[in-house]
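Colleague: Just a sequence and a predicted model for now, questions to come.
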Amino acid sequence: MSNRTIAVDERLYRYLIDVSLREASVLARLRAETLALPQAGMQISPEQGQFMALLVKVTGARSILEIGTFTGYSALAMALALPAGGRMVTCDVSDEWTSKARSYWRKAGVDGRIELRLAPALQTTGNLLDAGAAGSFDLVFIDADKGNYLGYYEAALKLLRPGGLVIVDNTLWDGRVADPAVHDNDTQAIRAFNAALHGDARIDLSLVPIGDGLTLARKR
C-alpha cells in the first residue's frame with residue numbers, strides 16, 4: 001500500500017496500457033500517423049484521451065470547447081464520447097495540422113459534431129462571448145500555447161455553466177515546474193497558472209498525474 005501516488009516506470013506503464021486501454025482503431029491510426037511528425041510530442045497519450053472521454057460521459061457533457069487542436073486526437077476522443085446531439089467547438093491556428101484532424105473526424109463519422117475555428121483562441125472565445133455563449137458549455141479542454149493559459153482559463157470560466165469542468169493539459173510540464181533551476185517562459189507560465197488555480201475560490205480543483213499532468217477545475 002502507498003500513501004502517495006505511485007511512480008510509473010516503463011514496465012508498469014505497459015501493464016497499465018495492457019489492462020485498461022480500449023482505443024478505437026480510428027484513434028490508434030491517427031495517433032500512429034501523428035507520431036511520424038516532428039511535433040509528435042504535442043500529442044496527448046492514449047490513456048489520457050480515454051480518461052477525458054470518460055469525463056465527458058461521467059459529467060454528461062453535451063457542449064465542449066477545445067482550445068488547441070493539433071491533429072485532432074483529443075477532439076476525436078471526446079467527440080466519440082458525446083451523446084446524440086452533442087457538439088464541440090475546437091480552436092487552432094494551423095490549417096496544416098487540422099487538415100489531418102478533419103480527415104480523421106470524417107473517417108470516424110463525427111465531423112458533424114465538431115466545428116473547427118481557425119483563428120487565435122482568445123479571438124474565438126471573445127466572439128463566442130459576444131454571441132451570447134456565456135454559461136453555455138459543459139466542458140472546456142485547454143492544450144495550447146502556455147503563455148496564454150491564464151487568459152484561456154478566464155475565458156473558459158465565463159463560457160462554462162456552473163458545475164462545468166475545465167481540463168488543462170501539461171500542468172506538470174515533464175517535471176520542469178518543480179525544478180528550481182528551470183526558468184524558461186513556458187515553465188514560468190505554467191507555474192504561475194498552477195499557483196493561480198490553487199488560490200482560486202471559484203473552482204474545485206485537482207491536478208492528476210496522467211500524461212504530462214492534467215488539471216481538473218470544476219466551476220462552482
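Modeller: Sure, I can see it. Numbering: from 1, shown residues only.

Colleague: Show residues contacting the lengthiest strand in the chain.
Modeller: In the chain, assigned by DSSP state E, the strand with the most residues is strand 160-169. Outside strand 160-169, the residues that touch it by Cβ atoms under 8 Å, 6 or more residues apart in numbering are 44, 48, 52, 55, 59, 61, 68, 135-143, 149, 153, 156-157, 193, 203, 211-220. (Each C-beta comes from the backbone N, C-alpha and C, glycine too.)

Colleague: Give the buried subset of these as a ChimeraX selection command.
Modeller: Applying 16 or more other Cβ atoms under 10 Å to the contacts of strand 160-169 leaves a buried subset, and the ChimeraX line that selects it is:
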select :44,48,52,55,61,68,137,138,139,140,141,142,143,149,153,156,157,193,203,211,212,213,214,215,216,217,218,219
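
Colleague: In helices only, show me the contacts of strand 160-169.
Modeller: 48, 52, 55, 59, 149, 153, 156, 157, 193 (DSSP state H).

Colleague: Show me the residue at the heart of the protein, geometrically.
Modeller: Centre of the chain computed as the mean C-alpha position; nearest residue by Cα atoms, centre = their mean is residue 141, 3.9 Å away.

Colleague: Would you check that that one makes contact with residue 53?
Modeller: No. Using Cβ atoms under 8 Å, residue 141 makes no contact with residue 53, being 11.2 Å away.

Colleague: where do the contact lists of these two overlap?
Modeller: Common neighbours of residue 141 and residue 53, using Cβ under 8 Å, 6+ apart, are residue 78.

Colleague: what pLDDT does residue 28 get?
Modeller: pLDDT for residue 28: 98.

Colleague: if we look at the helix or strand encompassing it, which residues are touching it?
Modeller: Element membership of residue 28, judged by DSSP states H and E, is helix 25-35. Helix 25-35 is contacted from outside by 23, 40, 43, 46, 49, 70-73, 76-77, 80, 100, 104, 107-108, using Cβ under 8 Å, 6+ apart.

Colleague: Looking at those, which two lie furthest apart in space?
Modeller: The largest separation in the contacts of helix 25-35, counting by Cβ to Cβ, is between 40 and 80 at 21.6 Å.

Colleague: okay, those two: which has more neighbours?
Modeller: Of the pair residue 40 and residue 80, residue 80 is the one with more neighbours under other Cβ atoms under 10 Å, namely 18 against 13.

Colleague: how near is the more buried one to residue 87?
Modeller: Plainly put, residue 80 is 14 Å away from residue 87 if you go by Cβ to Cβ, to the nearest Å.

Colleague: Repeat that for residue 135.
Modeller: In terms of Cβ to Cβ, residue 135 sits 15 Å off from residue 87.

Colleague: cool, residue 173 as well?
Modeller: From residue 173 across to residue 87, the span is 31 Å (Cβ to Cβ).

Colleague: Comparing these two, which residue is more hemmed in?
Modeller: residue 173 (21 against 15).

Colleague: which one is the more buried one nearest to, not counting chain neighbours?
Modeller: residue 190 (5.0 Å; Cβ to Cβ, 6 or more residues apart in numbering).

Colleague: Verify the stated contact: that neighbour with residue 147.
Modeller: No. Using Cβ under 8 Å, residue 190 is not in contact with residue 147; the gap is 9.6 Å.

Colleague: Cool, thanks, signing off.
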